[in-house]
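Undergrad: sequence first, then the predicted structure:
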Amino acid sequence: MIAEALAREVLALARARGLRIATAESCTGGMVAAALTDVAGSSDVFDRGFVTYSNAAKEAVLGVLPATLAAHGAVSEAVAAEMASGAQRNSLAELTVATTGIAGPGGSEYKPEGRVCFGLSLGGQTQVETIDFGPLGRAEVRLAATQHALQLLQRALTA
């Protein structure tokens, strides 16, 4: 499985750099954390995962501002950035990745099914991006978002 090989590589790279990882997930519901922790021995690198599916959880657990949610909605780069930063603040990790999106079914003209916003925080610097995976179906969007989150971690660790 591609995610397994990628997770192994991410963990090896983080281990070599002496970095710990945490995840903040909404639409992926813990799938990124599961991919990392499926690898035996990951506990020396993976610190924790936050599954914050509701807006209330994003606020309470990660410190996402209610004003950010009101202005941009949960599926936004602004919220992804605050999720990634919040995961870093509330963990022992130096590297965090966040996912928030619309796995489907459904969506809207402005936020279509398959849109996922990602946040990546390394050493206090946060980057965001949005990927439109398209209406692949709920399971496939979540798998694609998990894979992409792992790729973001990989890129951050090889930069």
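TA: Cool, got the structure.
Undergrad: for the rest of this, base every contact and every neighbour count on C-alpha atoms.
TA: OK.
Undergrad: got a list of what the spatially closest residue to residue 28 that is not a sequence neighbour touches?
TA: Of all residues not flanking residue 28 in the chain, residue 142 sits nearest, at 5.3 Å (Cα to Cα, 6 or more residues apart in numbering). Applying Cα atoms under 8 Å, 6 or more residues apart in numbering to residue 142 gives the contacts 27, 28, 31, 103.
Undergrad: check for me that residue 142 belongs to a helix.
TA: Yes. Under DSSP: H, G, I helix; E, B strand; the rest coil, residue 142 sits within a helix.
Undergrad: now it: how far from residue 57?
TA: 20 Å (Cα to Cα, to the nearest Å).
Undergrad: what's the answer for residue 28, then?
TA: If you measure residue 28 against residue 57 using Cα to Cα, the figure is 15 Å.
Undergrad: more crowded one of these two?
TA: residue 28 (28 against 15; other Cα atoms under 10 Å).
Undergrad: and the most far-flung residue of the chain relative to its centre, what pLDDT?
TA: Among residues of the chain, the one most distant from the C-alpha centroid is residue 109; the distance is 23.7 Å, by Cα atoms, centre = their mean. pLDDT for residue 109: 84.
Undergrad: ok, residue 132 next?
TA: 97.
Undergrad: what of residue 153?
TA: 98.
Undergrad: which residue is the nearest non-sequential neighbour of it?
TA: Nearest one to residue 153, counting by Cα to Cα, 6+ apart, is residue 10 at 6.5 Å.
Undergrad: likewise residue 65?
TA: Residue 65's closest residue in space is residue 59 (Cα to Cα, 6+ apart), at 6.1 Å.
Undergrad: can you mark which positions in the helix or strand hosting the one you found are buried?
TA: In this assignment (DSSP states H and E), residue 59 forms part of helix 55-62. Neighbour-count burial for helix 55-62 flags 55, 58, 59, 61, 62 (criterion: 16 or more other Cα atoms under 10 Å).
Undergrad: contact partners of it?
TA: Contacts for helix 55-62 (Cα under 8 Å, 6+ apart): 50, 52, 64-66, 69, 74, 82-83, 85-87, 90.
Undergrad: next: stretch 127-140.
TA: Counting by Cα under 8 Å, 6+ apart, 77, 80-81, 103-105, 112-121, 141, 144 sit against stretch 127-140.
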